[in-house]
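Chemist: I need the structure of the sequence given here:
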Amino acid sequence: MSEVLTSLDAILAPTRSALLVVDVQHDFIHPEGWATRHGSPSLRQVIPPINRLIGAARAAGVPVVYILMEHGPAIDLPNYRARYVARGMDGDILCAAGTWGARLDGEVTAPAAGDLTIVRHSYDAFEGTRLHESLRARGVESVVGTGVVTNLCVQTTIEHAFALGYYVVVAEDATATPDPTVQAVTLTNFRQYFGPVVPSTTIQEHWHPRRETTSRGAAPA
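Modeler: Here you go, the predicted model:
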């Protein structure tokens, strides 16, 4: 039987972790993107902590996964297209495949060699993608959730990760949603039922190379 991990030290060990960067695309967070054009407040505050986490992950050998949304009549399932009609969005598609709006925001640290990029067509990054197989092939047991929006694509992805057996951690300042009350409620739900919700700086500290070295008993340099 597998070991039960209860401490943040164990859950965030670089050898078992991966960083998920969800939907930091132009249409979600750029001032000229779809969300802002439709009245959403800016969510760009997630970019600096996400970039710091990407840097920390790479330094510690933690896999970085960029998760992107793409939509369009030829790729969306009928039930998803029905939601567009219900929301009055069928003529103005969010993150339309092949468009500027679907690209990673230019201020986000770009993918590097060895990073994963997962393109999906529904809220859940595990559904219909190779994400689960790719993480397991890398020995990943824990995932750290970042990105937008917290109560939709981040939430469905993190909850599915938990259902698949991953330990989950959410970086509270590296996630966002337009409504502060919804953000608070969603993070409370994560914290109560799925896993730790902590500042991005706490995660960075656990991925610091010196911490990893000293945790194995070596004297600090």
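Chemist: show me the contact partners of the longest strand anywhere in the chain.
Modeler: Counting by DSSP state E, the longest strand found in the chain is strand 167-176. Outside strand 167-176, the residues that touch it by Cβ atoms under 8 Å, 6 or more residues apart in numbering are 5, 8, 11-12, 43, 45-46, 49-50, 53, 141-150, 154, 158, 161-162, 183, 187, 190, 194-200, 203. The C-beta positions use only the backbone N, C-alpha and C, and glycine is treated the same way.
Chemist: which among the residues you listed end up buried?
Modeler: Taking 16 or more other Cβ atoms under 10 Å as the criterion, what is buried in the contacts of strand 167-176 is 8, 11-12, 43, 46, 49-50, 53, 141-150, 154, 158, 161-162, 183, 187, 190, 194-198, 200, 203.
Chemist: of those, which belong to helices?
Modeler: 8, 11, 49-50, 53, 158, 161-162, 183, 187, 190, 200, 203 (DSSP state H).
Chemist: nearest to L116 among those residues?
Modeler: Using Cβ to Cβ, A161 comes nearest to L116 of these, at 14.2 Å.
Chemist: check contacts around L94.
Modeler: Each residue near L94 by Cβ under 8 Å, 6+ apart is listed here: D27, W34, A35, M69, H71, G101.
Chemist: can you flag the buried ones in these?
Modeler: Burial of the contacts of L94 was assessed by neighbour count (16+ other Cβ under 10 Å); the buried members are D27, W34, A35, M69, H71, G101.
Chemist: what's the closest non-adjacent residue to the fourth one?
Modeler: So that's M69. Leaving aside its sequence neighbours, M69 sits nearest to C95 (Cβ to Cβ, 6 or more residues apart in numbering; 4.6 Å).
Chemist: next one: the last one
Modeler: Of all residues not flanking G101 in the chain, D27 sits nearest, at 3.6 Å (Cβ to Cβ, 6+ apart).
Chemist: mind jotting down where the strands sit in this protein?
Modeler: Ranges of strands within the chain are 17-22, 64-69, 116-120, 142-148, 167-176, 197-198, based on DSSP E.
Chemist: export these as CSV, with columns for distance to I75 and mean pLDDT.
Modeler: Formatted as CSV, these follow (distance: least, Cβ to Cβ, whole Å; pLDDT from 0 to 100):
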stretch, distance to I75, mean pLDDT
strand 17-22, 18, 98
strand 64-69, 11, 98
strand 116-120, 10, 97
strand 142-148, 21, 98
strand 167-176, 26, 98
strand 197-198, 33, 98
